[in-house]
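Asker: Got a sequence here, can you build the structure:
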Amino acid sequence: MFNTMKMAALAASLILAGAVGARAADATADDTARFLAGMLPSADSPLMPLTKDPAWQHHAKFLDGAFAQLEARQLSRVRAWADTNLAAPKPTMFYMFSGPDFLYADAFYSKASTYVMAALEPPGGMPDLLRMPRGSMGAALYNIEHSIGTILNFSFFITKHMKVDLHNGQISGTLPILLVFMERSGKSIREVTPVTLDEGGGLHSGDAGRANAPRGVRVTFTGKEGGEKTLYYFSTDLSNSGARSSGFLKFCEGLGPGNSLIKSASYLLHSGNFTTVRDFLLANSATIIQDDSGIPLHYYNAKKWRFFPFGRYAGPISEFPGRYQESYAELFRRAQPMDFGIGYRWRSHESNLLLSVRLGPDEAPSAEATTASTGDEPPPKPKPKRPKPPAPIGQNRGFFWFR
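Answerer: Coordinates of the predicted model:
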């Protein structure tokens, strides 16, 4: 019996060794993405033998459960909200300060054909799963689970954690996480290409270019509804100095006007150091979906926008003092309910969501718009003694949980 078990273990080892020795080109981008997402690759994929690894099987089971819960609790409700409240979305959507969060980009704007996402985190490259060192797969897959933990539970990434998670191990950068989210959103990956931008916003294939050029990836994909779509993710500095010199906003302008999503954005658009990207969003968005960490209400020209508040504005958590908005609170006194959580106050009964719709030339602003300024008044003074956030009570598989 011992010899039989030993021979079986040796056979499994040889299968895995043979897969590792295969050429990386034999694994398609879609098969690689499916494997990372804990989903079976195609039957003839050289990655299939790797699915016999207990580490991958544990990974697949974990992600099956996590995404089933996320779908029921969050994503299905976000899509239902979008279907009800977004009448005619544009083909392009912009998601600044996104990290690798394709999940909510797709849930809010599932009808978009071009997605443009941008953050500081590097894109990384297509992982070469067939040539990973033996014994390293379990740690690499666990790192994916750890990297996506907060967004699965709270709808956002924690930036300081991403700086560690996305540089750690054999599978690194935002691209592997993007691919996991795309596959778990029902997409099929056609092609993944590294890209850079020049100063004029021109797009170039490959990762060569000037030192501070925005580097990213272009992912072409299809969804269940068919039709090819494109995702661009760029690692770029969105502060004033970076945005003015990089060519990124010029690239975006060529794709606009679009729809924009801003959430859990560290209140950067409240700052004077991010006026360029803030002005771009206001000038090039047909709709903006945001929580209160997005564009402060007094920067909107109330004669050009109609506001639809949802949920409850409870003010910022204590990590972001001085960001309370009296005008936001006034607007949200007439908010409609919503049945999902979003942003730093991730519980549904504490979350806020503002849908801002640009008015056409013959449209008049709604009554709610009178609560916003025309952009000429100074920012509201911060309201003191805002509620403190809940305290951490423990960890589960590396995720932080809160009461």
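
Asker: quick one: the helices in the stretch 1-150 of the chain?
Answerer: Ranges of helices in the stretch 1-150 of the chain, per DSSP state H, counting those that start in this stretch, are 2-21, 29-36, 54-70, 76-85, 102-108, 137-147, 149-154.

Asker: Quick one: mean pLDDT for the first one?
Answerer: So that's helix 2-21. The predicted model assigns helix 2-21 a mean pLDDT of 41.

Asker: go on, the fourth one?
Answerer: The average of the pLDDT scores along helix 76-85 is 96.

Asker: Which elements pack onto that helix?
Answerer: Applying 3 or more Cβ pairs under 8 Å, 6 or more residues apart in numbering; DSSP states H and E, one finds that helix 76-85 contacts helix 102-108. For glycine as for every other residue, the C-beta is placed from the backbone atoms N, C-alpha and C.

Asker: where's the helix it packs on relative to the chain centroid, distance-wise?
Answerer: The chain centroid and the centroid of helix 102-108 are separated by 7 Å under Cα atoms, centre = their mean, to the nearest Å.

Asker: Tell me which residue is most central in the chain.
Answerer: Closest residue to the average C-alpha location of the chain: Asp101 at 1.3 Å, with Cα atoms, centre = their mean.

Asker: The longest strand along the chain vs helix 29-36, what angle?
Answerer: Longest strand of the chain, by residue count under DSSP state E: strand 188-197. Using axes from the mean of the first three to the mean of the last three Cα atoms, to 10 degrees, the inter-axis angle of strand 188-197 relative to helix 29-36 is 100 degrees.

Asker: Pairing partners for strand 188-197, with directions?
Answerer: Using DSSP bridges, strand 188-197 pairs in its sheet with strand 203-205 (antiparallel), strand 215-222 (antiparallel).

Asker: Tell me the backbone dihedrals of Leu47, please.
Answerer: Per-residue torsions, Leu47: phi -80, psi -10 (degrees, to the nearest 10).

Asker: for stretch 350-363, which positions count as buried?
Answerer: Using 16 or more other Cβ atoms under 10 Å as the test for burial, stretch 350-363 gives Glu350, Ser351, Asn352, Leu353, Leu354, Leu355, Ser356, Val357, Arg358, Leu359.

Asker: Ramachandran angles for the fifth one?
Answerer: Comment: the main-chain dihedrals of Leu354 come out as phi -120, psi 120, following degrees, to the nearest 10.

Asker: now the fourth one
Answerer: The phi/psi pair for Leu353 (degrees, to the nearest 10) reads phi -140, psi 130.

Asker: Kindly report the same for the one 4 residues further on.
Answerer: Main-chain torsions, Val357, degrees, to the nearest 10: phi -120, psi 120.

Asker: in the sheet, who's paired with it?
Answerer: Applying DSSP bridges to Val357 gives these bridge partners: Thr287, Arg306.

Asker: Surely it touches Ala286?
Answerer: Yes - if you go by Cβ atoms under 8 Å, Val357 and Ala286 touch, sitting 7.5 Å apart.

Asker: what's the nearest residue to Gly227 if we skip its chain neighbours?
Answerer: What sits nearest to Gly227 in space, not counting adjacent residues and going by Cβ to Cβ, 6 or more residues apart in numbering, is Ser113, at 7.2 Å.

Asker: Settle this for me: that neighbour is touching Thr230, isn't it.
Answerer: Yes - using Cβ under 8 Å, Ser113 is in contact with Thr230, at 7.1 Å.

Asker: So between the two, which is more surrounded?
Answerer: Using other Cβ atoms under 10 Å, the more surrounded residue of Ser113 and Thr230 is Thr230, with 17 against 14.

Asker: Would you mind measuring from that one to Ile171?
Answerer: With the distance defined as Cβ to Cβ, to the nearest Å, Thr230 ends up 23 Å from Ile171.

Asker: about what we covered before: distance to Thr32, mean pLDDT and mean neighbour count added to the strands paired with strand 188-197, as JSON lines?
Answerer: Below are these laid out as JSON lines (distance: least, Cβ to Cβ, whole Å; pLDDT from 0 to 100; neighbours: other Cβ atoms under 10 Å):
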{"stretch": "strand 203-205", "distance to Thr32": "19", "mean pLDDT": "94", "mean neighbour count": "13"}
{"stretch": "strand 215-222", "distance to Thr32": "12", "mean pLDDT": "96", "mean neighbour count": "20"}
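
Asker: So which of those is nearest Gly294?
Answerer: Between Gly294 and the strands paired with strand 188-197, the tightest spacing by Cβ to Cβ is seen for strand 215-222, at 22.4 Å.

Asker: From the chain's centroid, how far away is the helix or strand that comes right after the closest one?
Answerer: Following strand 215-222 in sequence order, the next helix or strand is strand 228-235 (DSSP states H and E). When distances are taken as Cα atoms, centre = their mean, strand 228-235 is centred 12 Å away from the chain's centroid.

Asker: Next: stretch 69-76.
Answerer: 16 Å.

Asker: re the thing from before, show the contacting residues for the residue nearest to Gly227.
Answerer: For Ser113, the contacting residues are Pro91, Thr92, Gly227, Lys229, Thr230, by Cβ atoms under 8 Å, 6 or more residues apart in numbering.

Asker: what's the farthest-apart pair in those residues?
Answerer: Farthest apart among the contacts of Ser113 by Cβ to Cβ are Thr92 and Gly227. That separation is 14.8 Å.

Asker: Who has more neighbours out of those two?
Answerer: Taking neighbours as other Cβ under 10 Å, Thr92 and Gly227 compare with Thr92 leading, 24 against 7.

Asker: got the buried residues for stretch 198-215?
Answerer: Within stretch 198-215, judged by 16+ other Cβ under 10 Å, the buried ones are Asp198, Gly201, Ala213, Pro214, Arg215.

Asker: Need the nearest residue in space to the third one, chain neighbours excluded.
Answerer: Translated: Ala213. Of all residues not flanking Ala213 in the chain, Thr196 sits nearest, at 4.8 Å (Cβ to Cβ, 6+ apart).
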